[in-house]
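Visitor: Build the 3D model from these lines:
(one chain, ligands or ions: 2)
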Amino acid sequence: MKFLAQTLSLLVCFTFFTSQAQDLTLHGTLTRANHQTYVELPFTVPTGISRISVDFSYTGRELHTTIDLGLFDSERFRGWSGGNKHAFTVSESDATPSYLPGPIRPGTWKLILGVPNLREGVTSTYEAHIHLSRATDIPSGSTFSAAPLRSGPAWYRGDLHMHDAHSDGSCQSQAGQKVPCPLYKTVEAATARGLDFIAISDHNTTSHFDAMQELQPYFDRLLLIPAREITTFDGHANVFGPTAFIDFRLTSPSVPDLNHLLDQVESLHGLISINHPSQPTGEACMGCGWSVPNTDYRRIPAIEAVNGNNAETRISGIPFWQARLNEGLRITAIGGSDNHNAEAPPASNVGHPTTVVYAKELSETSILNAIRAGHVFIDTEGTKDRTIGITAQANATTAIMGDSIKAPAGQTVHFTLHMLHLEGAHPEIIEDGEPTTLLASSPITGPDAEKSFDLPSDGKHHWLRVNIRSNTGTLLLVGNPIYLNLLTLR
Ligand SMILES: [Zn+2]
Ligand SMILES: [Zn+2]
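Guide: Ligands and ions are numbered 1, 2, ... in the order given. Predicted coordinates:
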């Protein structure tokens, strides 16, 4: 094995994109002198970096030049992908297969180029783009996919709450034993249900992200969103987006109160949602209901209003959510199956309920931003096609679900409902938490229906949303509100 330190033809260029994120490019040339040697390309990793992503290219493939790739951190070997990958990422929790997740220690790291073949007389030019990011950088795109999985605005359907072997998800082994259920089973179940995205939310851990990193390139129609269920003695809440550790030990010296927890979530640009807030808490399920003292709901962007099939049970999260809306807050209702067995029968299966999100594209930031914006309804039965869109018009302004619209006293607000695949069902208009007679006894005819009504504004703050119920009264869809004259926007 021959090593050749290459210094003369190596150039390092730095690009600072923001005050935090940093890119650098290593480029240079290789010749026959490098044939069957290993070339070390050192680069400096500053303190506070949480993820390193490398994109490598070189010339001369048509002349059978081959350059392999590997990585050493400041202390140890971090992986070898040979000639099988031109791009990879490593972070504390996850890494591209061939590479090892683990701490991103500051110091001198080395990209290793192996040169199995470089012909006499041939010069190969290489370039390695290295992106160094911090956990506090504003995210763009998706953690596990370089490109959006689908482009264009649409209603995207997903499940935001599920468990697997990395927490208490279980299923039957080959021999029929109850065993921790491998994460891929959850992903397969979501695929079979035709979902567009899932957030896998194991309890407090970050160990499932490495499996998600491996699965995403294969499941390239199903967006995998990193999540965890922050599980405390006083309540559960999902955090979507970050992969860095969040100290969940509420009431311990490190996290004395909820604000310390929310500070962590916000610094990592995570989206937090209180889970199953109205469940009873006690020895059967400690901390399952939300009982965190002095919760500042202005810092809570989402609530899991429907958990599994609880939409109309006494433990439904809908009344809890609506009570917050009646306090003048703008909080998005979402749903989650809380699936703990990817092979469970359909009634408790993945995608039941489905959270349906109107997003600009199928990427993590677009989905999470659309949830923050409230462009969301919940399909309690997790169908593939039931859809409710609602718009409000006042003067020349139009609002959709989740938006706020200004309407001075005396102004008429014109609402339009657009409903797909809901024949025989009927809308139920909720204003400030109470069902109204608007559009009462007005069944939906046809697979593509529109209904509208006018509401005179009194100039005060109100919120108005739509449920869709079946002809037997079953709650099918739970819409998020349009807010009238909302004073504070998150
Ligand atoms: Zn829970
Ligand atoms: Zn859960």
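
Visitor: ok, now which ones touch the residue lying closest to Gly82 once chain neighbours are set aside?
Guide: Spatial nearest neighbour of Gly82, excluding adjacent residues (Cβ to Cβ, 6 or more residues apart in numbering): Asp68 at 4.4 Å. C-beta: built from backbone N, CA, C; applies to glycine. Listed by Cβ atoms under 8 Å, 6 or more residues apart in numbering, the contact set of Asp68 reads 80-83, 113-116.

Visitor: quick one: which of these sit in strands?
Guide: 80-82, 113-116 (DSSP state E).

Visitor: Name every strand pairing with the helix or strand encompassing Val356 and say which way it goes.
Guide: Per DSSP states H and E, Val356 falls inside strand 354-359. Using DSSP bridges, the strands paired with strand 354-359 are strand 154-159 (antiparallel), strand 376-379 (antiparallel).

Visitor: Using JSON lines, please lay out the ones in strands among the contacts of Asp68 together with neighbour count, pLDDT and distance to Leu195.
Guide: Output for these, formatted as JSON lines (neighbours: other Cβ atoms under 10 Å; pLDDT from 0 to 100; distance: Cβ to Cβ, whole Å):
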{"residue": "Trp80", "neighbour count": "15", "pLDDT": "98", "distance to Leu195": "35"}
{"residue": "Ser81", "neighbour count": "19", "pLDDT": "98", "distance to Leu195": "30"}
{"residue": "Gly82", "neighbour count": "13", "pLDDT": "97", "distance to Leu195": "34"}
{"residue": "Leu113", "neighbour count": "25", "pLDDT": "98", "distance to Leu195": "41"}
{"residue": "Gly114", "neighbour count": "18", "pLDDT": "98", "distance to Leu195": "41"}
{"residue": "Val115", "neighbour count": "24", "pLDDT": "98", "distance to Leu195": "44"}
{"residue": "Pro116", "neighbour count": "14", "pLDDT": "98", "distance to Leu195": "42"}
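
Visitor: with the residues you listed in mind, which one is nearest to Ile230?
Guide: Of all the ones in strands among the contacts of Asp68, Ile230 sits closest to Ser81, with 34.1 Å by Cβ to Cβ.

Visitor: Verify the stated contact: that closest one with Ala87.
Guide: No: look at Ser81 against Ala87 with Cβ atoms under 8 Å: they stay out of range, at 9.4 Å.

Visitor: what sits against the nearest residue to Gly289 once chain neighbours are set aside?
Guide: Nearest residue to Gly289, sequence neighbours excluded (Cβ to Cβ, 6+ apart): Thr281, at 4.0 Å. For Thr281, the contact set (Cβ under 8 Å, 6+ apart) comprises 234-235, 287-289, 291.

Visitor: So among these, which ones count as buried?
Guide: Buried subset of those (neighbour count, 16 or more other Cβ atoms under 10 Å): 234-235, 287-289.

Visitor: what secondary structure does Leu486 sit in?
Guide: At Leu486, secondary structure determined by DSSP: H, G, I helix; E, B strand; the rest coil is coil.

Visitor: can you count the residues close to it?
Guide: Leu486 has 19 neighbours, counted by other Cβ atoms under 10 Å.

Visitor: That one and Thr65: what is the separation?
Guide: Distance check for Leu486 against Thr65: by Cβ to Cβ, to the nearest Å, it reads 61 Å.

Visitor: One more: Thr47?
Guide: Distance from Thr47 to Thr65, by Cβ to Cβ: 37 Å.

Visitor: Between those two, tell me which one has more neighbours.
Guide: Thr65 (20 against 9).

Visitor: show me the contacts for the closest residue in space to that one that isn't next to it in sequence.
Guide: Sequence neighbours aside, Ser124 is the residue nearest to Thr65 in space, at 4.6 Å (criterion: Cβ to Cβ, 6+ apart). Taking Cβ under 8 Å, 6+ apart, we find Ser124 in contact with 29-31, 58-60, 65, 67, 118.
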